[in-house]
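>>> For reference, the sequence and a predicted model appear below.
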Amino acid sequence: MKSFILTHQPILFTSLLFLFLALGYQSKAQKKTGWKTGTDKINITPSSSLWMAGYGHRDHTAEGKYGELWVKVLAIEDAHGYQTVIVTSDLLGLPKNLSDEIRNAVNKKFGLEKSQLVLNSSHTHSAPVLGKSLFDIYPMNDQQRKDVAQYTDQLQNDIVASIGKALSNMKPSQIFSNNGTARFQVNRRNNKESEVHLSTDLKGPMDHAVPVIKVMDDKYQITTVLFGYACHPTVLSGYQWSGDYPGYAQEVVEKNYPGAMAMFFQGAGGDQNPLPRRTLPLAKQYGTVLAATVERVLSEDMKLLEPSLKSAYTEIDLSLEAPPSKAELNQIINEQSGYMKRWAIRTLGEIEAGNPLPSSYPFPLQVIKIGNQALFTMGGEVTVGYANRLKEKYGPEIFVMTYTNDVMSYIPTEVILKEGGYEGHTAQMVYGLPSKWKPGLEDQILSAFDKLAAKLAIQPIK
């Protein structure tokens, strides 16, 4: 027996050595192949009085603030070094020119393609106007427009710099996802605001999902909470800067999870309002309700996401109807006032100057896969029917972000387009477009999403 042990000691030693080396290599490999995330945030609350975005009834600049406005950045890197950056902002929406400038600068400085960058806005109506956005709705004078342009230029530079900081402070992380539910959104097309408090039967399509992503560091501390909801931040309508209910929700989450950065993204809430509304206590109430939902999701079992990132992006041309004739525009000028009159004057001026009016618009679509969590993003004020159809096809656990990468107008379903009204027609003039969308846009958008999803191997559930 003794000779057997002595004879086999070199073999045993060699085997143990290989085992320890293998375990050491595996440990190092695991450390190298997990998620990495980096964050940054910047305060974008105007230091001077600017015109406020979102409401045509306002007739002067901001008077103060209820809270701070923020841009927040989450940079994500997978096991293979592929990166995605998600930017959320307390803004009405980034217009195409500003979004393009930011994405071009990010590509030049950091090498990220459009598919790898998400620029989402909460759509708060208590944020500053941005340059070349909502051309005709705001009766600003020349100096006010210069102030807006200056603020917009600084915002662009600050966002690009913030993305750079987030990319430069990557640390090992774990990422989780799940959905919760909150029920203060109401379909504003199908329910009268003045009667909601009396109603026991709300009508119309809605989407009460609260998608949540949790990021933890290597010490199992929550560092970032990304969450969304599909509902207009239009509780407040005065002259004070505010993130509205999403701002208050983020404040509550950050208070209850010290050291964590809370980020809100807007879903397909184009036709959804928080009702009742119009008071500061209601904005805080809805923010608290949303935060409580997020905290419940964080406290329960969440899906651990494998460190694999994929992304795809496209732009499709959404066709516009023929613009009004000169006679029709002159009739609007003679009979209307406010933004409709300003829109008609400007459009008529373009026609008389011989400038061609657009017949279509490049609409951005994007799909990102974080582990097996799919995020579908699109531009514009997308109505809730799109989210519901995507979830019917790809499952209720997917995340839908709108107001992303460009906000050019409302994106109605075919039903809403046929019905008309604000979301189906007149909002086009608010945004400066010459006419409403042509029928067929709903299937065009969803078909384009199918192609993007197929590229990332995201399968329909049926």
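On my side now, so go ahead.
>>> Could you tell me how far the helix or strand hosting Lys165 lies from the centre of the chain?
Lys165 belongs to helix 142-168 when assigned by DSSP states H and E. On the basis of Cα atoms, centre = their mean, to the nearest Å, helix 142-168 sits 18 Å off its chain's mean C-alpha point.
>>> same deal with stretch 300-318?
The answer for stretch 300-318 is 13 Å, by Cα atoms, centre = their mean.
>>> Need the CA coordinates for it. PDB is fine.
Only the C-alpha atoms of stretch 300-318 are listed here, as PDB (Å, rounded to 0.1, in the frame of the first residue of the first chain):
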ATOM      1  CA  GLU A 300     -39.300  40.200  -5.300                       C
ATOM      2  CA  ASP A 301     -37.500  37.600  -7.400                       C
ATOM      3  CA  MET A 302     -36.300  39.200 -10.600                       C
ATOM      4  CA  LYS A 303     -34.900  37.500 -13.700                       C
ATOM      5  CA  LEU A 304     -31.100  37.400 -13.800                       C
ATOM      6  CA  LEU A 305     -30.000  38.500 -17.300                       C
ATOM      7  CA  GLU A 306     -27.100  36.700 -18.900                       C
ATOM      8  CA  PRO A 307     -24.200  39.100 -20.000                       C
ATOM      9  CA  SER A 308     -25.100  39.200 -23.700                       C
ATOM     10  CA  LEU A 309     -26.100  42.400 -25.600                       C
ATOM     11  CA  LYS A 310     -27.600  42.700 -29.100                       C
ATOM     12  CA  SER A 311     -29.100  45.700 -30.900                       C
ATOM     13  CA  ALA A 312     -30.700  46.600 -34.200                       C
ATOM     14  CA  TYR A 313     -31.900  49.900 -35.600                       C
ATOM     15  CA  THR A 314     -33.700  51.200 -38.700                       C
ATOM     16  CA  GLU A 315     -35.600  54.200 -40.000                       C
ATOM     17  CA  ILE A 316     -38.700  53.800 -42.100                       C
ATOM     18  CA  ASP A 317     -40.400  56.500 -44.200                       C
ATOM     19  CA  LEU A 318     -43.900  57.200 -42.900                       C
END
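>>> tell me the average confidence for that stretch?
The average of the pLDDT scores along stretch 300-318 is 98.
>>> May I see the buried residues of that stretch?
Residues of stretch 300-318 classed as buried by neighbour count (16 or more other Cβ atoms under 10 Å): 302-303, 305, 307, 309-316, 318. (Glycine included, C-beta is placed from N, CA and C.)
>>> what's around His349, how many residues?
Wrong residue type there; residue 349 is Gly, not His. Using other Cβ atoms under 10 Å, Gly349 has 11 other residues around it.
>>> That one belongs to a helix?
Yes. Membership of Gly349 in a helix is supported by DSSP: H, G, I helix; E, B strand; the rest coil.
>>> So Val118 versus Asn330, what's the distance?
Separation of Val118 from Asn330 (Cβ to Cβ, to the nearest Å) stands at 43 Å.
>>> Test my guess that Ile398 contacts Asn372.
No. In this structure, Ile398 is not within contact of Asn372 by Cβ atoms under 8 Å, at 10.5 Å.
>>> want to try a markdown table for the buried residues of stretch 300-318, with secondary structure as columns?
Below are the buried residues of stretch 300-318 laid out as a markdown table (three-state DSSP):
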| residue | secondary structure |
| --- | --- |
| Met302 | coil |
| Lys303 | strand |
| Leu305 | coil |
| Pro307 | coil |
| Leu309 | strand |
| Lys310 | strand |
| Ser311 | strand |
| Ala312 | strand |
| Tyr313 | strand |
| Thr314 | strand |
| Glu315 | strand |
| Ile316 | strand |
| Leu318 | strand |
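>>> can you pull the pLDDT of the most centrally placed residue in the chain?
In the chain, the centroid-proximal residue (Cα atoms, centre = their mean) is Asn120; its distance is 2.9 Å. With respect to pLDDT, Asn120 scores 98.
>>> repeat for the one 5 residues further on
pLDDT recorded at His125 is 96.
>>> likewise Glu381?
97.
>>> what are the bridge partners for it, then?
Legend: beta-bridge partners of Glu381 under DSSP bridges are Tyr410.
>>> Please work out which residues outside stretch 320-327 touch it.
332, 344, 347-348, 351-352, 357-361, 433-438 (Cβ atoms under 8 Å, 6 or more residues apart in numbering).
>>> circling back to that earlier point, any chance of the buried residues of stretch 300-318 in a markdown table with distance to Ile213 as columns?
Listed next are the buried residues of stretch 300-318 as a markdown table, based on distance: Cβ to Cβ, whole Å:
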| residue | distance to Ile213 |
| --- | --- |
| Met302 | 9 |
| Lys303 | 10 |
| Leu305 | 8 |
| Pro307 | 14 |
| Leu309 | 13 |
| Lys310 | 16 |
| Ser311 | 15 |
| Ala312 | 19 |
| Tyr313 | 20 |
| Thr314 | 24 |
| Glu315 | 26 |
| Ile316 | 27 |
| Leu318 | 29 |
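>>> Around the residue nearest to Asp218 when sequence neighbours are not counted, count how many other residues there are.
Among residues not flanking Asp218 along the chain, Pro172 sits closest, at 4.6 Å (Cβ to Cβ, 6 or more residues apart in numbering). Number of residues near Pro172 (other Cβ under 10 Å) recorded here: 16.
>>> okay, Pro172: pLDDT?
We have a pLDDT of 98 for Pro172.
>>> buried set for the helix or strand that contains it?
Assigned by DSSP H and E, Pro172 belongs to strand 171-181. Residues of strand 171-181 classed as buried: 172-180 (neighbour count, 16+ other Cβ under 10 Å).
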